[in-house]
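**Q** sharing a model that was predicted from the sequence below.
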Amino acid sequence: MQGELNLLETKLAQLVQLTKRMRDENHQLRQDLAEALSHARQNDDKINTASSRLALILAKLPDEKS
């Protein structure tokens, strides 16, 4: 009986440790995702700005006539 209790205690300790490790990993993944989404938004903004500037430059160019 004592052996079974010791085994149960060991398994419970492993479960607690695994749960903590998974919680920590989940927290890090959420932070990584938030950072990646922020960078993606910044890149979208840069692309939109560049696209607008390019459209303005192209609009100012004279038409090419053959």
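**A** Sure, I can see it. Computed from a predicted structure; not experimentally measured.
**Q** please report phi then psi for residue 52.
**A** When read as degrees, to the nearest 10, the backbone of residue 52 gives phi -60, psi -40.
**Q** that one and residue 32: what is the separation?
**A** Relative to residue 32, residue 52 is positioned 31 Å away (C-beta to C-beta, to the nearest Å). C-betas here are computed from N, CA, C, even on glycine.
**Q** which stretches of this structure have low pLDDT?
**A** 66 (pLDDT under 70).
**Q** so where do the strands sit in it?
**A** Counting by DSSP state E, the chain has no strands at all.
**Q** can you give me the helices in it?
**A** All helices of the chain, identified by DSSP state H, fall at 2-60.
**Q** center of it - which residue?
**A** Ranked by distance to the mean C-alpha position of the chain (C-alpha atoms, centre = their mean), the top residue is residue 33 at 1.8 Å.
**Q** do you know how far that residue is from residue 26?
**A** Computed with C-beta to C-beta, the distance linking residue 33 and residue 26 is 10 Å.
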